[in-house]
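A.B. asks: Kindly return the folded structure for what I paste below:
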Amino acid sequence: MSRIAGRFARVEPRRRVRDLVLGLLSDLPRKNCWSIAEWAGEATPDGMQHLLGRARWDADAVRDDVREYVLEHLHDEDAVLVVDETGDVKKGTHTVGAQRQYTGTAGKIENAQVAVYLVYAGLRGHAAVDRELYIPRSWTRDPDRCRAAGLDEDTVFATKPELAARMIGRFLDAGHRAGWVAGDEVYGGNPKLRTALEERQVGYVLAVACSHEVTTGAGKFRADALAAKVPKRAWQKLSAGAGAKGHRFYDWAVIDLAEPRPGSRRLLIRRNRTTGELAYYRCFSPAPVPLTALVRVAGSRWRVEETFQSGKGLAGLDEHQVRRYTSWSRWVTLAMLAHAFLAVVRADEHARHPAPDGLIPLTCNEIQRLFITLVVRPVREVAHRLAWSAWRRRHQARAQASHYRRQAANRT
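C.D. replies: As a prediction, this is how the structure comes out:
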């Protein structure tokens with residue numbers, strides 16, 4: 001919190017942002033302005049809502065602080081930048097960026113808000129270091145709707161790969177080095193993103209569809225057609241990294257691609273050893289690298305799923321109940337900070353205090369539980385709890401009366 005304190009000109013928001021981050025790290029069943037304000041000892045949620053919506057501070061500057069904090073503690077020369085999106089299901093149509101669209105969170109098309117994240121994944125740990133909200137065309141074509149949600153009237157539509165390129169560019173322009181980028185088919189199938197990475201001499205292992213076409217010395221082929229031509233002796237059993245139940249072993253094969261420009265371009269194929277299911281990756285590196293290096297980067301992509309899971313489950317990344325862009329960007333930035341804190345403590349604990357025999361190393365879940373229980377759990381008087389009960393019921397009564405009045409007006 002000392003690292004970001006200078007982003008707040010007044011002492012009140014500086015103290016309140018600390019309480020909000022601690023609330024995000026708490027064991028509250030639901031984390032929003034109401035529940036965190038009560039947990040922090042405030043009489044109403046007004047202060048927390050003001051911090052997110054109207055107080056003067058720059059969420060992008062705090063985002064940069066989060067990135068520097070993560071790089072300082074989790075730095076790894078072989079780290080991978082992983083790009084991926086995650087969605088939050090929404091009920092209304094006024095939440096910024098919300099529309100009916102596919103989200104992996106629900107596994108189907110839902111009314112949802114989708115954001116793209118950049119995750120730094122190294123040997124010591126992983127954490128999100130940047131975020132961009134995906135604004136669909138239905139929004140960018142409606143300046144009034146954008147203005148009402150706190151977006152610039154001239155907001156231009158950007159695809160998810162374009163948002164990913166924007167975040168990777170910020171990372172590199174800040175003076176940091178990244179040897180590799182990993183992502184799923186949304187990003188691998190985008191030639192502009194691949195070209196942008198190649199121009200900056202950043203290697204990548206990006207998933208592509210089975211129908212993706214590549215050019216070899218023998219001509220142009222679909223990825224699945226090339227996989228069918230791979231001889232048995234070309235497959236190698238390698239681990240894509242350790243999972244919860246041990247190493248994730250697959251069979252791998254690689255095919256060189258024909259390309260006149262400098263650099264090594266290849267098609268990586270992964271085969272499930274049980275089901276035979278195939279996955280395909282477009283690969284680039286400024287200089288040739290062994291198959292094991294490509295497999296390591298491909299396996300790093302799963303770290304983003306772990307980041308989303310812990311960011312949402314432990315730090316309230318998806319529990320924001322806000323509509324406007326400013327509030328969204330501030331909430332998710334502070335949630336990223338809360339999760340980064342857990343990732344850094346975990347890395348330091350693993351380095352300084354290796355787990356004794358019979359115990360697994362400390363996890364982010366256990367660190368959060370110990371931190372809240374032993375360090376910051378607030379004790380509130382009964383009067384405070386009763387006052388909040390009255391506040392909630394009073395607010396709900398006003399909302400109910402407003403709803404009834406609106407319903408009656410519609411009938412007439």
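
A.B. asks: what's the weakest-modelled helix or strand in this protein?
C.D. replies: helix 382-411 (a mean of 76; mean pLDDT, DSSP states H and E).

A.B. asks: Buried ones in that one, by neighbour count?
C.D. replies: 388, 391 (16 or more other CB atoms under 10 Å). All C-beta spots, glycine's among them, are computed from the backbone N, C-alpha and C.

A.B. asks: Check which helices and strands that helix sits against.
C.D. replies: helix 33-40 (3 or more CB pairs under 8 Å, 6 or more residues apart in numbering; DSSP states H and E).

A.B. asks: Follow the chain on from the helix it packs on and name the next helix or strand.
C.D. replies: Proceeding N to C from helix 33-40, the next assigned helix or strand is helix 46-53, under DSSP states H and E.

A.B. asks: and the longest strand for this protein?
C.D. replies: Of all segments of type strand in the chain, defined using DSSP state E, the longest is strand 108-121.

A.B. asks: In it, which residues are buried?
C.D. replies: 110, 111, 112, 113, 114, 115, 116, 117, 118, 119, 120, 121.

A.B. asks: Show me what the fourth one is bridged to.
C.D. replies: For residue 113, the beta-bridge partners are residue 88 (DSSP bridges).

A.B. asks: ok, now which ones touch it?
C.D. replies: In this structure, residue 113 makes contact with 87, 88, 90, 95, 96, 97, 98, 133, 328, judged by CB atoms under 8 Å, 6 or more residues apart in numbering.

A.B. asks: same thing with the fifth one?
C.D. replies: Counting by CB under 8 Å, 6+ apart, residue 114 touches 85, 86, 87, 88, 97, 101, 103, 133, 134, 160.

A.B. asks: Count the residues that sit near the first one.
C.D. replies: Here the count is done by other CB atoms under 10 Å, and residue 85 has 23 residues near it.

A.B. asks: Give me the three-state assignment for it.
C.D. replies: Look at residue 85: counting by DSSP: H, G, I helix; E, B strand; the rest coil, its state is strand.

A.B. asks: Model confidence score at it, please.
C.D. replies: Residue 85 carries a pLDDT score of 95 in this model.

A.B. asks: Kindly report the same for the one 10 residues further on.
C.D. replies: As summarised for this prediction, residue 95 has a pLDDT of 93.

A.B. asks: Find the residue at the geometric middle of the protein.
C.D. replies: Per CA atoms, centre = their mean, the C-alpha nearest to the average position across the chain is that of residue 117, at 3.8 Å.

A.B. asks: where's that one relative to residue 371, distance?
C.D. replies: Per CB to CB, to the nearest Å, residue 117 is found 24 Å from residue 371.

A.B. asks: Kindly report the same for residue 184.
C.D. replies: Taking CB to CB, one finds residue 184 at 33 Å from residue 371.

A.B. asks: End to end on stretch 371-390, go ahead and measure it.
C.D. replies: 30 Å (CA to CA, to the nearest Å).

A.B. asks: Residue 193: how many residues sit nearby?
C.D. replies: For residue 193, using other CB under 10 Å, the count is 25.

A.B. asks: Please confirm that it is located within a strand.
C.D. replies: No - with three-state DSSP as the criterion, residue 193 is helix rather than part of a strand.

A.B. asks: can I assume it is in contact with residue 185?
C.D. replies: No - using CB atoms under 8 Å, residue 193 is not in contact with residue 185; the gap is 11.9 Å.

A.B. asks: Could you pull up phi and psi at the residue nearest to residue 53 when sequence neighbours are not counted?
C.D. replies: Computed as CB to CB, 6 or more residues apart in numbering, the closest residue to residue 53 that is not its neighbour in sequence is residue 327, at 4.9 Å. Torsion angles at residue 327 (phi, psi; degrees, to the nearest 10) stand at phi -70, psi -40.

A.B. asks: Tell me the spacing between residue 327 and residue 7.
C.D. replies: For residue 327, the distance to residue 7 - CB to CB - is 16 Å.

A.B. asks: where in this protein is pLDDT low?
C.D. replies: 244, 377-380, 385-386, 389, 412 (pLDDT under 70).

A.B. asks: one more time with 80, if that's ok
C.D. replies: 104-106, 242-246, 355-360, 373-397, 400-401, 403-404, 407-408, 410-412 (pLDDT under 80).
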